[in-house]
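**Q** My questions concern the predicted model and sequence given below.
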Amino acid sequence: MKDFKELSIDFSKGDSIPASFDGAIDRILSKVLVGIEVSEQDGVTLFNANQHDIQKVFFVADKLRKQTNGDAVTFVVNRNINFTNICYMGCKFCGFAKKLNQEGAELLSIAEIVLRAQEAWDRGATEVCIQGGLHPKISGDIYRNIILGIKKVLPDIHIHAFSPFEVWFGASKKKMTYLNFLRDLKDCGLGSMPGTAAEILDVDIRKMLTKNKLSTEQWIEIIRTAHFLKIPTTATIMYGHIDSSVHWAMHLVKLREIQKETGGFTELVPLSFVHKESPLYKENTKYVRQGPTLDEIKRMHAIARIMLSGWINNIQVSWTKLGPKIAQEMLSLGVNDLGGTLMNESISRSAGSQFGQEITAAEMVKIIRHAGRIPVQRNTIYEISETFDRCDPEELAPLVPRNGTNPLEFIN
Ligand code: SF4
């Protein structure tokens, strides 16, 4: 058998892997290369490829990325504002939520949220990403009040806010349909929504993770409604806990089907399960995994690129979950987006991730340069604000750790 590295594939001519490549993986990749969609079953086969075949999968994922996105690697300058960590939903995987009087519980005032947004804007952020727990005592109006408060002071900042779980919660508090609730948020100035709380879109898995409080059907209905209202959303998958490759392929196909219908997803963000502080792991250490392995992380990003090809063309790696070094590695496995600079993110850190503070725009540029790619600053909906097409030698200098805690020291 020929080494996959010897293959010279010209997508513009519709080239495919030679017929002498006759294993199951090769047959699937041959179809991918002529634009045939990967079925759920074929997706499972790709996820379970052996160590030899998976190299071909990675190769094809990288080719598809190059064909679709070129050498650009995008990022957005933004700030995460987690406005409350008080939540009673009891999701088993969550290490972020606190009870009302628990130490460290907080609910930011609207004034504090606006102040943080202002600080972000002053530092060049184009977006604030706002999410919080489902605080039992807050009014359903808090969501519109946050948007109105920020927009009054910063009319041009993009507000990327509120997961489908928060929309479910706010709409039920206000006794409104999802349609009317989201329409009101859009009228207030909501720009887009994170497609978080998807976890794995499977009833049995969701029952174990979240007691199915937000069902698969409800998540899809809220996302579809947002897209109907022209509110774009991201798409996510949280993997590496009690799930398997069967669930991953099924989840990606579900996202693809929604995208065919609505076109409203901007990107897919695979999110690794962080086990350390999660009750799911603490209570079931025998049965629950400690997050995905590095091998699975690579497979997820590459196969997401392949399965979503032509439908969701931005695959983002989450450096808050993986750290910048592994995030950088994913850039050669189908990934074209490094996400946001974030300024201070607390969800991943609360769950036990050592990352999730901030990468500055200059550090993003360096990470991308060191991977041999072209840094491009974008806004939330992937409009380009700056292409760093002329490399300043300074950008190739080693990254300098900050305050002795910055994970960037692992990159050189
Ligand atoms: S994941 Fe969200 S909804 Fe679930 S417990 Fe944590 S904060 Fe609450």
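**A** All right, it came through fine. Numbers count the residues shown, from 1 in each chain.

**Q** tell me which element residue 213 is part of?
**A** Using DSSP states H and E, residue 213 sits in no helix or strand.

**Q** Nearest residue to it in space, ignoring adjacent ones along the chain?
**A** residue 89 (6.0 Å; C-beta to C-beta, 6 or more residues apart in numbering). Any C-beta I mention is one placed from the backbone N, CA and C, and that applies to glycine too.

**Q** so how far is the ligand from the one you found?
**A** Distance, residue 89 to the ligand, by C-beta to the nearest ligand atom, to the nearest Å: 4 Å.

**Q** what about that residue, how many residues close to it?
**A** By other C-beta atoms under 10 Å, 16 other residues sit near residue 89.

**Q** Tell me who's in contact with the residue nearest to residue 210 when sequence neighbours are not counted.
**A** Sequence neighbours aside, residue 91 is the residue nearest to residue 210 in space, at 4.6 Å (criterion: C-beta to C-beta, 6+ apart). Residues near residue 91 by C-beta atoms under 8 Å, 6 or more residues apart in numbering: 97, 209-210, 213.

**Q** let's see it at 10 Å
**A** Residue 91 makes contact with 97, 133-134, 165, 197, 199, 206, 209-211, 213-214, 278-280 under the criterion C-beta atoms under 10 Å, 6 or more residues apart in numbering.

**Q** shaky segments in the stretch 201-350 of the chain?
**A** Within the stretch 201-350 of the chain, the stretches with pLDDT under 70 are 344-350.

**Q** and the contacts of residue 91, which are buried?
**A** Taking 16 or more other C-beta atoms under 10 Å as the criterion, what is buried in these is 97, 133-134, 165, 197, 199, 206, 209-210, 213-214, 278, 280.

**Q** could you dump those residues to CSV with distance to the ligand?
**A** CSV is the format used below for the buried ones among the contacts of residue 91 (distance: C-beta to the nearest ligand atom, whole Å):
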residue, distance to the ligand
97, 4
133, 4
134, 5
165, 5
197, 7
199, 9
206, 11
209, 9
210, 6
213, 8
214, 8
278, 10
280, 11
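
**Q** Of these, just say which sits nearest to residue 377.
**A** Each of these was checked against residue 377 using C-beta to C-beta; the closest is residue 197, at 27.8 Å.

**Q** circling back: just the contacts of residue 91: which are in strands?
**A** Nothing among the contacts of residue 91 maps onto strands, per DSSP state E.

**Q** what about residue 60, how many residues close to it?
**A** 27.

**Q** How about residue 153?
**A** So residue 153, with other C-beta under 10 Å, has 12 neighbours.

**Q** and if you look at residue 36?
**A** 12.

**Q** mind checking how far it is from residue 310?
**A** Using C-beta to C-beta, to the nearest Å, residue 36 is found at 10 Å from residue 310.

**Q** and the contacts of residue 91, which of them are in helices?
**A** Those of the contacts of residue 91 mapping onto helices are 165, 206, 209-210, 279-280, per DSSP state H.

**Q** returning to that earlier point: for the residue nearest to residue 213, give its distance to residue 97.
**A** Distance from residue 89 to residue 97, by C-beta to C-beta: 7 Å.

**Q** Likewise for residue 288?
**A** Distance of residue 288 to residue 97, computed by C-beta to C-beta: 18 Å.

**Q** do residue 317 as well
**A** From residue 317 to residue 97 the distance is 25 Å (C-beta to C-beta).

**Q** Which strand or helix spans residue 376?
**A** strand 374-378.

**Q** next structured bit after that strand?
**A** strand 384-387.

**Q** Leaving out the residues flanking it, which one is nearest to the residue nearest the centre of the chain?
**A** Centroid check for the chain by C-alpha atoms, centre = their mean gives residue 269 as the closest residue, at 2.3 Å. Leaving aside its sequence neighbours, residue 269 sits nearest to residue 316 (C-beta to C-beta, 6+ apart; 4.5 Å).

**Q** what pairs with the one you found across the strands?
**A** With DSSP bridges as the criterion, residue 316 is bridged to residue 337.

**Q** To what extent is it buried, counted in neighbours?
**A** Counted with other C-beta under 10 Å, residues neighbouring residue 316 total 27.

**Q** That one contacts residue 300, correct?
**A** No: using C-beta atoms under 10 Å, residue 316 makes no contact with residue 300, being 12.0 Å away.
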